[in-house]
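Colleague: Could you look at this predicted model? Sequence included:
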Amino acid sequence: MSEARIPLISGNWKMHKNHFEAIQAVQKLHYRLGDAEVEDVVVTVHPPFTDLRSVQTLIESDRMDIVLGAQDCYWETEGAFTGEVSPTMLAKLDVAYVIVGHSERRQLFGETDESVNRKAVAVLAAGMTPIVCCGETLEEREAGDAESKVEGQIRAGLAGLSSAQVAGLVVAYEPIWAIGTGRTATSEDAQAMCAHIRSVVADGWSADAAASLRVQYGGSVKPGNIAELMSQADIDGALVGGASLEPDEFAAIVQFRQH
């Protein structure tokens with residue numbers, strides 16, 4: 001891992017926790033971490049939309065070293081789009097990172113590489129950083145198509161962005177077969193794909209962009225496997241699902257250097 005790429009550990013809460021529960025969870029996480037423990041790691045939490053204002057107020061009032069993130073957005077600034085939330089709305093809540101193209105969005109809600117690209121562009125335009133997700137199914141991996149699938153997602157998802165823009169964003173590699181299943185890609189498998197992602201960016205944009213880009217691994221990340229994952233040269237962080245719902249467990253992941 002490059003010295004310039006500060007590790008980014010992100011907790012994706014998915015559809016869990018009302019705003020009261022969110023406040024309690026963030027307070028407990030902050031207590032467990034302590035200021036000294038997160039100096040060399042950026043920690044983001046991504047609550048449901050209904051929790052964002054409550055968590056924003058808490059982070060600001062208590063001056064927490066926790067960064068607010070969102071799980072998704074729409075690409076338009078405003079308009080007749082019932083049920084959607086725009087990037088500019090999120091930016092007003094001091095959201096800094098927005099997950100786009102999570103495999104659940106792709107699988108359950110029909111998101112395409114094109115929509116992921118539009119969202120990434122819109123998030124950047126609103127002054128936030130997209131966490132662009134990619135990853136293959138078990139069938140694609142077993143068929144030997146994992147690298148080509150991920151390469152296609154990267155090239156399409158980041159289309160039209162400049163090298164400077166790509167250098168500043170985050171890509172999360174999440175093998176679909178490892179999300180919420182208890183199965184984890186081996187650290188070698190994860191490293192190989194994260195290195196592949198970086199080579200695709202080097203080829204499609206620039207070597208500088210590839211060197212600066214932060215690549216997270218996501219898929220059943222736990223306190224017991226985070227240290228080995230983070231020891232890999234091309235893994236710069238983790239996109240954590242289920243384990244991020246428990247402050248003690250998530251704090252242990254953030255404190256991976258102590259394992």
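Modeller: Thanks, I have the structure now.

Colleague: Point out where this structure drops to low pLDDT.
Modeller: Where the chain drops to pLDDT under 70, the residues are 1-4, 35-39, 259.

Colleague: Let me see the ranges of the helices in it.
Modeller: Remark: helices assigned in the chain by DSSP state H are 19-33, 52-61, 87-92, 103-109, 113-125, 138-142, 146-157, 163-168, 187-204, 207-212, 223-230, 247-254.

Colleague: Can you redo those helices as JSON lines, where the extra columns are mean neighbour count?
Modeller: (Each C-beta comes from the backbone N, C-alpha and C, glycine too.) Putting those into JSON lines (neighbours: other CB atoms under 10 Å) gives the following:
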{"stretch": "helix 19-33", "mean neighbour count": "17"}
{"stretch": "helix 52-61", "mean neighbour count": "17"}
{"stretch": "helix 87-92", "mean neighbour count": "19"}
{"stretch": "helix 103-109", "mean neighbour count": "16"}
{"stretch": "helix 113-125", "mean neighbour count": "20"}
{"stretch": "helix 138-142", "mean neighbour count": "15"}
{"stretch": "helix 146-157", "mean neighbour count": "19"}
{"stretch": "helix 163-168", "mean neighbour count": "17"}
{"stretch": "helix 187-204", "mean neighbour count": "19"}
{"stretch": "helix 207-212", "mean neighbour count": "17"}
{"stretch": "helix 223-230", "mean neighbour count": "19"}
{"stretch": "helix 247-254", "mean neighbour count": "20"}
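
Colleague: TSV for the ones you listed, including distance to residue 5?
Modeller: Shown next, in TSV, are the helices of the chain (distance: least, CB to CB, whole Å):
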stretch	distance to residue 5
helix 19-33	20
helix 52-61	24
helix 87-92	24
helix 103-109	23
helix 113-125	18
helix 138-142	26
helix 146-157	17
helix 163-168	10
helix 187-204	11
helix 207-212	7
helix 223-230	11
helix 247-254	16
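
Colleague: To residue 174, which of these lies closest?
Modeller: helix 103-109 (5.8 Å; CB to CB).

Colleague: Now for residue 97: which residues touch it?
Modeller: Neighbouring residues of residue 97 by CB atoms under 8 Å, 6 or more residues apart in numbering: 8, 10, 44, 46, 67, 69-70, 128-131, 170.

Colleague: Of all pairs in the residues you listed, which one is the farthest apart?
Modeller: Of all pairs drawn from the contacts of residue 97, the greatest distance, 14.9 Å, lies between 8 and 70 (CB to CB).

Colleague: the more surrounded of those two?
Modeller: Using other CB atoms under 10 Å as the criterion, residue 8 and residue 70 rank with residue 70 on top: 26 against 23.

Colleague: got a list of what the more buried one touches?
Modeller: 46, 49, 52, 85, 90, 95, 97-99.

Colleague: Find the residue closest to residue 243 in space, skipping its chain neighbours.
Modeller: Residue nearest to residue 243 in three dimensions, not counting chain neighbours: residue 249, with 4.7 Å by CB to CB, 6 or more residues apart in numbering.

Colleague: from the contacts of residue 97, which is closest to residue 30?
Modeller: residue 67 (12.0 Å).

Colleague: residues making contact with stretch 13-24?
Modeller: Outside stretch 13-24, the residues touching it (CB under 8 Å, 6+ apart) are 25, 45-48, 50-51, 53-55, 58, 71, 104, 241, 244-245.

Colleague: residue furthest from the geometric center of the chain?
Modeller: The outermost residue of the chain relative to its centre, with distances by CA atoms, centre = their mean, is residue 80 at 28.3 Å.

Colleague: What distance do you get for that one to residue 199?
Modeller: Computed as CB to CB, to the nearest Å, the residue 80 to residue 199 distance reads 42 Å.

Colleague: Check residue 114 too.
Modeller: 23 Å.

Colleague: hang on, the earlier thing: let me see the backbone angles for the residue farthest from the centre of the chain.
Modeller: Taking degrees, to the nearest 10, you get phi -80, psi 70 for the backbone angles of residue 80.

Colleague: Counting neighbours, which bits of stretch 168-181 end up buried?
Modeller: Neighbour counts over stretch 168-181 (16 or more other CB atoms under 10 Å) mark 169-179 as buried.
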